[in-house]
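[1] this one's sequence-less:
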């Protein structure tokens, strides 16, 4: 169990490191404008200087990183009445002081997995933009669509696992305090 506890954190920080390396790659290898926006068919519709692109992507990555990494710190400050759980019994169980730390840890872990996937998608888009010359002006639609669809399906699947799976199930023998 100990290794499983840190897998989400390791995956999140590894994805952040790879993202930073992708920014360094774009900054070091770009010799002209970098595509900053693609339309639905993969055609470049806007370009930026490499430094502007890297700064923008770094800002987006930093904001996402702070949001997902900060979850471990701020989740415990959310009042119990603001936590939305599927039924009153589950709410009483997970917001009870005896279970709240475990609940906070589990939610933070889920957010780290989602954050790792989000940063990985951002990394992919950064690399695609950094390796697509502004002269060419387009990429295959699948280069953009396939990872995005995989991301959406992965997040939806993970959400279903969290919602329908047994992770947050209340033990059968639990009796709420009177």
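    That came in fine, so what should we check first? These numbers were taken from a predicted model, which means no experiment stands behind them. Residues are numbered from 1 along each chain as shown.

[2] which helix or strand contains residue 47?
    Remark: residue 47 resides in strand 44-48, with elements defined by DSSP states H and E.

[3] just the residues contacting that strand, thanks.
    Counting by Cβ atoms under 8 Å, 6 or more residues apart in numbering, the neighbours of strand 44-48 from elsewhere in the structure are 33-39, 56, 132, 134, 136-138. Glycine gets a C-beta too; all of them are placed from N, C-alpha and C.

[4] list the buried residues of it.
    Applying a neighbour-count criterion of 16 or more other Cβ atoms under 10 Å, one finds 44, 47, 48 buried in strand 44-48.

[5] which other helices and strands contact the biggest helix by length in the chain?
    Determined from DSSP state H, the single longest helix within the chain is helix 97-131. Helix 97-131 sits against helix 2-29, strand 34-38, helix 50-69, helix 71-74, helix 88-95, helix 141-164, with contacts defined as 3 or more Cβ pairs under 8 Å, 6 or more residues apart in numbering; DSSP states H and E.

[6] any idea what the closest residue to residue 137 other than its chain neighbours is bridged to?
    Nearest-residue entry for residue 137: residue 44, 4.9 Å, with adjacent residues in sequence omitted and distances by Cβ to Cβ, 6 or more residues apart in numbering. For residue 44, the beta-bridge partners under DSSP bridges are residue 38.

[7] pLDDT value on residue 44, please?
    At residue 44, the model reports a pLDDT of 88.

[8] try the one 10 residues further on
    With respect to pLDDT, residue 54 scores 96.

[9] surely it is in contact with residue 28?
    No: contact status for residue 54 versus residue 28: not in contact, 9.9 Å apart, counting by Cβ atoms under 8 Å.

[10] one step back: and the longest helix of the chain with helix 50-69, angle?
    Between the axes of helix 97-131 and helix 50-69, defined by axes from the mean of the first three to the mean of the last three Cα atoms, to 10 degrees, the angle is 170 degrees.
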